[in-house]
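*Asks:* only the shape, not the letters, is given here:
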C-alpha cells in the first residue's frame, strides 16, 4: 500500500503553495484516473501519509509524526527518555528552544512531535481531495466500489484533521484541492466547529464502510466503520476533556486564539462527554456482537498483551501499515542513516524512566505504593503486572537470546550514564527479544479496544454526580482481567462506593499509561487533563549494583546467564532509585507555561495571509 508516486502540479488539481510540495506520482491526472488500478494506487499513496508512531530515520520523521528524530513521542513525557545527544528531543524540546521559529522546518525535518503542517499531513489531505474530485471519471469501476473508496479517502482526511485538532485545537480547514495559482482565504475553525466538521466527515464515510474486512490478513489497515467509530472516540476523548472543555480557558482571554474560541469551547459543554459516552457504547456493543473483534485472550497474559499491541489482530480497530527493516541494514552497523527502526530501538535511545515502571501495579492489582501490596524494593520486578515484562526490559529480562545485564558494570549498562540504558531499563515494546535482520509489514495500532473501554469508563465517571457507575469499573477491569491483574478498585485502595470521581480518573490515567504506554497516548492525556505536575515531575532511574556475594563469584556474567532463574536473581543485586543522571531533562520544569499543552503553528505560515491565528503563548514577539 505504500507506493512512491508523483503528480504533475500543472496537470492535476493540487493544494495551494502553502501546503508544501505536491505528492510524488509518476503519472498525471489523465493517466491516473483512466484505470481502476492506477486510481487505487493514488489512494494507497494517501494511505501512506497516515500517522506512524515509530521514527525510522536518525534525525528525520519520514511519516512517523509521533516520533521525534530518534525518539518516541513518549520521550517528552514521564514514560521514556532519550539518552542520545542527537535528535530533536534533546536539541530543541529538552533545552526549551523549540518555538514557532524552529517549527518552520519543512516536511520530514520539521522538529515538532506532530509535524502535521509539514509535507505528509497536507499531502494526505490534498491527495484525498484530488481522489474525491476525480474518481468518478474512472471507467472500469462500479459505482459501489467508487463510493467505498470515496469513504476511505474521507477517513484519511478525517484522521489528519483529528491529529491536527489534538495538536493545535481549532484547525485550518481545507475542503478542496486548490490549484497552485489560487489564493484562498482560509480561517481556523473554532473548537466546536472543528469537532462538528470532523465528525460530519466521519459520519458521511461510515455509511459506505463495512464493519469488518472480508480478508483482514490482506487488507488490514484499510478503514472500516469500526475504525470510523474508533476515530470519533479518539477525537471526542480529547475534545471533552478539561483542556478545551472548561468554564475557564487554559491561557488568558487576552490572547486572540482564546478570544476567538480556537483553543477552548468557550464554556463547559456537558454534551461532549455525552457524545463520547454514546459513541463508545455504540462501538462496544458492535464489538461484543462481532465474531472478529475482541481482546486477544488465549490464557497467556504476557503473550496476549504483546499480540494485542502489535496491531495485527481483532483487538485493533484502526491501524496504519508500513514496511520496516528491523535492525542493521546491509550497509553495515556503523551506517546509521541506512539502518532502520529497531536498530535504533535496540541501542537504547528510548530509555524507559523508572517513573514508567512505578505505574505498573502488583499482579494482585494493588499500587506498589500501597503498604499492603507485597511490593519489595529489593525485589522490584517480582510478581508485578505482566504487562511490565512486555513493555520494558528490566534487569534479567530476555534480551538478544540471553538475560539483560542492566546492573552497573553489566554488558548492557557498563557505566552508570551509558547511553543504551542510562535509566536502568531498555524498551521491550515494539522491540521484542530480537527482531534484527527482518523486513516485515508493521501496523501502528492507532486505536485498540482497550482505549475504547477506557473512553467509555471515563465518560461515565465524568458524567456521574457522586458514585461512579459500576460499568465504569467493569470496562477498566475487562482490560486488567485479560492479564490476570486485580481490579482497579484494589489499585485505588477503596471500596467502589467510596471512590471519588477524581480518584477514579487519576487511576484511569495511570491504567491508560500502563496498557497504552508508548502508543502515543500519554502526551495527549497529560495535555488534555492539564497535568502540570506530571510535566514538571522529577524523573528517576533505577541503579542496580552487585552485592558482595555476587562480586565474589568468578565470571559473574556467565554464572548469571547459566545458573540464575529470573524469579531468584534479585538476591545478587542491590537496587537504588535515584534522580536521573542526565541533569534537568526538561527546561519546562523550571520555566513552565501552559502554552505547552498545544503546539505552535510555524511562524512562516503565520506570516502568510490565509488565516492562521497563533496558539496562545507562542506569538513570536511575546518573549515567551
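*Replies:* Nice, thanks for sending it over. Note that the structure is a prediction, hence the values are computed from the model and not measured. Numbering: from 1, shown residues only.
*Asks:* contacts and neighbour counts: CA atoms only from here.
*Replies:* Fine.
*Asks:* which residues does the closest residue to residue 171 other than its chain neighbours contact?
*Replies:* Take residue 171 and drop its neighbours on the chain: the residue closest to it by C-alpha to C-alpha, 6 or more residues apart in numbering is residue 188, 5.1 Å away. Residues near residue 188 by C-alpha atoms under 8 Å, 6 or more residues apart in numbering: 170-173, 262, 611-613.
*Asks:* nearest to residue 358 among the residues you listed?
*Replies:* Among these, residue 170 lies closest to residue 358 (C-alpha to C-alpha), at 35.3 Å.
*Asks:* that closest one contacts residue 196, doesn't it?
*Replies:* No: checked against C-alpha atoms under 8 Å, the pair residue 170 and residue 196 is beyond contact range at 11.0 Å.
*Asks:* those two: which is more packed in?
*Replies:* Each of residue 170 and residue 196 has its neighbours counted (other C-alpha atoms under 10 Å); residue 170 has more, 29 against 13.
*Asks:* and the residue nearest the centre of the chain, how far is that from residue 75?
*Replies:* In the chain, the C-alpha nearest the mean C-alpha coordinate belongs to residue 520, at 1.5 Å (C-alpha atoms, centre = their mean). Applying C-alpha to C-alpha, to the nearest Å, the value for residue 520 to residue 75 is 10 Å.
*Asks:* got it, and residue 34?
*Replies:* Note on residue 34: its distance to residue 75, by C-alpha to C-alpha, is 46 Å.
*Asks:* swap in residue 460?
*Replies:* Taking C-alpha to C-alpha as the measure, residue 460 falls 31 Å from residue 75.
*Asks:* the more surrounded of the two?
*Replies:* Neighbours per residue, other C-alpha under 10 Å: of residue 460 and residue 75, the larger number sits with residue 75, 27 against 23.
*Asks:* can you give me the pLDDT of the more buried one?
*Replies:* Here, the pLDDT recorded for residue 75 equals 81.
*Asks:* number of nearby residues for the closest residue to it other than its chain neighbours?
*Replies:* Nearest residue to residue 75, sequence neighbours excluded (C-alpha to C-alpha, 6+ apart): residue 81, at 4.7 Å. Each residue near residue 81 was counted by other C-alpha under 10 Å, and the total is 28.
*Asks:* need phi/psi at residue 81.
*Replies:* When quoted as degrees, to the nearest 10, the phi and psi of residue 81 stand at phi -140, psi 160.
*Asks:* what's the answer for residue 393, then?
*Replies:* Taking degrees, to the nearest 10 as the convention, residue 393 sits at phi -90, psi 120.
*Asks:* what's near enough to touch it?
*Replies:* Residue 393 neighbours (C-alpha under 8 Å, 6+ apart): 399, 404, 425-428.
*Asks:* same thing with residue 96?
*Replies:* 586-588.
*Asks:* any idea of the pLDDT on residue 587?
*Replies:* 73.
*Asks:* whoops, I mixed them up, residue 608
*Replies:* Per-residue pLDDT puts residue 608 at 78.
*Asks:* now the longest helix seen in the chain: buried residues?
*Replies:* What stands out as the longest helix in the chain, according to DSSP state H, is helix 143-168. Residues of helix 143-168 classed as buried: 146-168 (neighbour count, 16 or more other C-alpha atoms under 10 Å).
*Asks:* returning to what we had before: for residue 461, see how far away the residue nearest to the centre of the chain is.
*Replies:* From residue 520 to residue 461 the distance is 23 Å (C-alpha to C-alpha).
*Asks:* go on, residue 503?
*Replies:* Distance from residue 503 to residue 461, by C-alpha to C-alpha: 10 Å.
*Asks:* with residue 296 instead?
*Replies:* The gap separating residue 296 from residue 461 is 26 Å, by C-alpha to C-alpha.
*Asks:* same question, residue 170
*Replies:* Distance, residue 170 to residue 461, by C-alpha to C-alpha: 26 Å.
*Asks:* now do residue 80
*Replies:* Separation of residue 80 from residue 461 (C-alpha to C-alpha) stands at 29 Å.
*Asks:* which of the two has more neighbours?
*Replies:* Neighbours per residue (other C-alpha under 10 Å) separate residue 80 from residue 461, with residue 80 holding more: 28 against 25.
*Asks:* tell me which helix or strand residue 544 sits in.
*Replies:* Assigned by DSSP states H and E, residue 544 belongs to strand 540-546.
*Asks:* which stretches of the stretch 351-500 of the chain have low pLDDT?
*Replies:* 432-441 (pLDDT under 70).
*Asks:* all strands of it, in order?
*Replies:* 351-352, 392-393, 398-399, 402-403, 426-427, 438-448 (DSSP state E, counting those that start in this stretch).
*Asks:* now the second one, how far from the centre of its chain.
*Replies:* Put plainly, it is strand 392-393. Strand 392-393 sits 18 Å away from the centroid of its parent chain (C-alpha atoms, centre = their mean, to the nearest Å).
*Asks:* mind listing what it pairs with, with the direction of each?
*Replies:* Here strand 392-393 is paired, per DSSP bridges, with strand 426-427 (antiparallel).
*Asks:* from the chain's centroid, how far away is the strand it pairs with?
*Replies:* Here strand 426-427 is found 17 Å from its chain centre; the criterion is C-alpha atoms, centre = their mean.
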